[in-house]
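In: need a structure here:
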Amino acid sequence: MAHTGAVDTVSAAFAAHPREGFLPRAVRRRASYDGPLPIGSGQTNSQPRTVADMLRLLDVRPGQRVLDVGSGSGWTTALLAHLVGPTGWVLGLELEPELVDFGRHNLAATRQSWARIEPAVPGVLGDPDRAPYDRILVSAEPRSLPDSLVAQLGPDGRMVIPVDGVMLVVTNPGAVVTEHGHYRFVPLR
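Out: Residues are numbered from 1 along each chain as shown. Next up is the predicted model:
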């Protein structure tokens, strides 16, 4: 389970980077809604309670290298950057070109130079060339646990990923998988 400071650090990240700044202008007035909101390209900004749950399960620490798969509007990338701090590094990957631009713009406004968003390579999950990662957050849902992402975890790595409706935490060593409730996400492509 996450260390006791995880609750406070996640709350602090939420306070520092409010959801409103990562939503299209047309839905910003609904930022306090605890549900998914459309961000364009058929994608959504995840429910805040779900994002908080995932970040607490991920147990991010200062100085870690984190991969954010499905960065969307850049909100999770900004939250992760806050959690790792300037001694860490966060890479957000997004498949939809319009969202890459939107997410980059939103992330730039946070002035966290140790985080960036890049286009995901179609057909390649994650970032095998720069692996291993200390933490991997996946905000899209595959039907089964992708071995290619598990392989990108470092020796004491941890990944949070919704698989076929169930939130999983995968930890190394040994790629130990635990289940943490039921959630719905857009499909991982």
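
In: Pull up the pairing partners for the top strand by length along the chain, direction included.
Out: Longest strand in the chain, counting residues (DSSP state E): strand 153-163. Strand 153-163 has its sheet partners listed here by DSSP bridges as strand 133-138 (parallel), strand 166-171 (antiparallel).

In: Can I get the last one in CSV? Just the C-alpha atoms.
Out: Listed next in CSV are the C-alpha coordinates belonging to strand 166-171 (Å, rounded to 0.1, in the frame of the first residue of the first chain):
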residue,chain,number,x,y,z
VAL,A,166,-10.3,-3.9,-13.2
MET,A,167,-7.6,-1.5,-11.8
LEU,A,168,-4.4,-3.4,-11.5
VAL,A,169,-1.2,-2.6,-9.7
VAL,A,170,1.9,-4.4,-11.1
THR,A,171,5.0,-4.3,-9.0
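
In: related to what we said a few turns ago, what is the mean pLDDT for the longest strand of the chain?
Out: Mean pLDDT, taken over the full extent of strand 153-163, equals 97.

In: Quick check: which of the strands paired with strand 153-163 has the most neighbours on average?
Out: strand 133-138 (a mean of 25; mean count of other CB atoms under 10 Å). Where you see a C-beta, it was placed from the backbone N, CA and C, and this is true even at glycine.

In: quick one, which of the strands paired with strand 153-163 is nearest to residue 86?
Out: If you check each of those against residue 86 by CB to CB, strand 133-138 wins as the nearest, at 15.6 Å.

In: hmm, back to that, buried residues, the longest strand of the chain. List them.
Out: By neighbour count on 16 or more other CB atoms under 10 Å, the buried set for strand 153-163 is 153, 157-163.

In: Now tell me what touches that strand from outside.
Out: With contact meaning CB atoms under 8 Å, 6 or more residues apart in numbering, strand 153-163 is reached by 54, 57-59, 65, 131-138, 140-146, 149-150, 167-173, 175, 183-185.

In: ok, residue 101 - how many residues close by?
Out: By other CB atoms under 10 Å, the residues close to residue 101 number 13.

In: try residue 88
Out: Neighbour tally, residue 88, other CB under 10 Å: 22.

In: again with the one 4 residues further on
Out: Using other CB under 10 Å, the number of residues around residue 92 comes to 31.

In: That one contacts residue 120, doesn't it?
Out: No: the pair residue 92 / residue 120 is not scored as a contact, 9.3 Å apart, by CB atoms under 8 Å.

In: tell me the two of the buried residues of strand 153-163 that are most distant?
Out: Checking the buried residues of strand 153-163 with CB to CB, the most distant pair is 157 and 162, at 17.8 Å.
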